[in-house]
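In: Output the structure for:
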Amino acid sequence: MADPAVADIEDLTFAYGRTQVLHGIDVRIPRGKVVAVMGQSGCGKTTLLRIIAAALLPSGGRARVLGQVTGDLDRDGLYALRRRMGMLFQFGALFTDMTVFDNVAFQMREHTDLPESAIRDLALLKLEAVGLRGAAPLMPGELSGGMARRVALARAIALDPELILYDEPFTGLDPIALGVIARLVRQLNDSLGATSVIVTHDVAETLPLVDYVYFMADGRVVAQGTPAEVRRTGVPFVEQFVSGATDGPVPFHYPALGYDADLGLAGRA
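Out: Model prediction:
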């Protein structure tokens, strides 16, 4: 990976109070690439995404994002850094009392001095990019789940961000909508000249579209590589995760006493 990095995470640790969540994380996000962070629920991948987004600051180590060490920035510096990013939240998080158009135009009105005529043209352009220009006057409640996710994607790219962050973008979508979102992630990244980080556990849709993958378990990076490399990594957890096997390092049964003991049968003749 010789490309200049958009994000460099070095020996990063993070804790919520006394609960350590991330342990010695090293992650590098090259410019122009689509990178996935994968793992089970609760492994720390969304926390890592929030650190890259400068919504959380490291407890230890360093997070350099878009050329700036987040822990060195004051409040104004953090806000300025975040404006260079776009975020697609897990379930879209659209403003329910705004139309589709106003949801996409919101950031332009808040963070630019553009005239309303220019905002109108740009918002419609972003909606056209996700195939929903005709839905501009609708309310979020009138949209299907897939359409709402596409509107959220249009809003995420409203300010032409350098870095686009996706938190479980495929969750809850039907196969058609899921395929559409996956295709848009790749196309928009390449057409905008952006860099994308996807947090997900969806193997089937993610591996074909990304350039590089980090696998996490218990707050640590346990494997990394191109999609082809991680398919043959030899790490038992990753092999189980990719194949969806029920047997492996992640057990089917939660640890418990012997079944006979729980049934009160131990020691009976």
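
In: For stretch 131-149, C-alpha coordinates in CSV please.
Out: Extracted in CSV, the C-alpha atoms of stretch 131-149 (Å, rounded to 0.1, in the frame of the first residue of the first chain):
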residue,chain,number,x,y,z
GLY,A,131,-31.4,7.3,-8.5
LEU,A,132,-33.9,9.2,-6.4
ARG,A,133,-34.3,12.7,-7.9
GLY,A,134,-38.0,11.9,-8.4
ALA,A,135,-38.4,11.2,-4.7
ALA,A,136,-37.2,14.7,-3.7
PRO,A,137,-40.6,15.9,-2.4
LEU,A,138,-41.4,12.7,-0.4
MET,A,139,-41.2,12.4,3.3
PRO,A,140,-38.9,9.7,4.9
GLY,A,141,-42.0,7.8,6.1
GLU,A,142,-43.1,7.3,2.4
LEU,A,143,-39.8,5.5,1.5
SER,A,144,-38.9,1.9,1.5
GLY,A,145,-35.9,0.8,3.6
GLY,A,146,-33.7,0.7,0.6
MET,A,147,-34.8,4.1,-0.7
ALA,A,148,-34.2,5.6,2.7
ARG,A,149,-30.7,4.2,2.8
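
In: gap between it and the chain center?
Out: Counting by C-alpha atoms, centre = their mean, to the nearest Å, stretch 131-149 is centred 22 Å from the centre of its parent chain.

In: change the start of the numbering to 30 and stick with it
Out: Will do, 30 is the new start, and the previous item becomes stretch 160-178.

In: can you pull out the strands in this structure?
Out: For the chain, strands defined by DSSP state E occupy the ranges 34-45, 48-59, 63-67, 89-94, 97-98, 114-117, 192-196, 224-229, 241-246, 249-254.

In: To P204, which of these lies closest?
Out: strand 224-229 (15.5 Å; C-beta to C-beta). Where C-beta positions appear, they are placed from N, C-alpha and C, glycine not excepted.

In: who's in contact with that closest one?
Out: Outside of strand 224-229, the residues within contact range by C-beta atoms under 8 Å, 6 or more residues apart in numbering are 35-36, 58-67, 74-75, 77-78, 81, 191-199, 214, 218, 235, 239.

In: which residues of the stretch 30-179 of the chain score low on pLDDT?
Out: Residues of the stretch 30-179 of the chain meeting the criterion pLDDT under 70: 30-32, 120-121.
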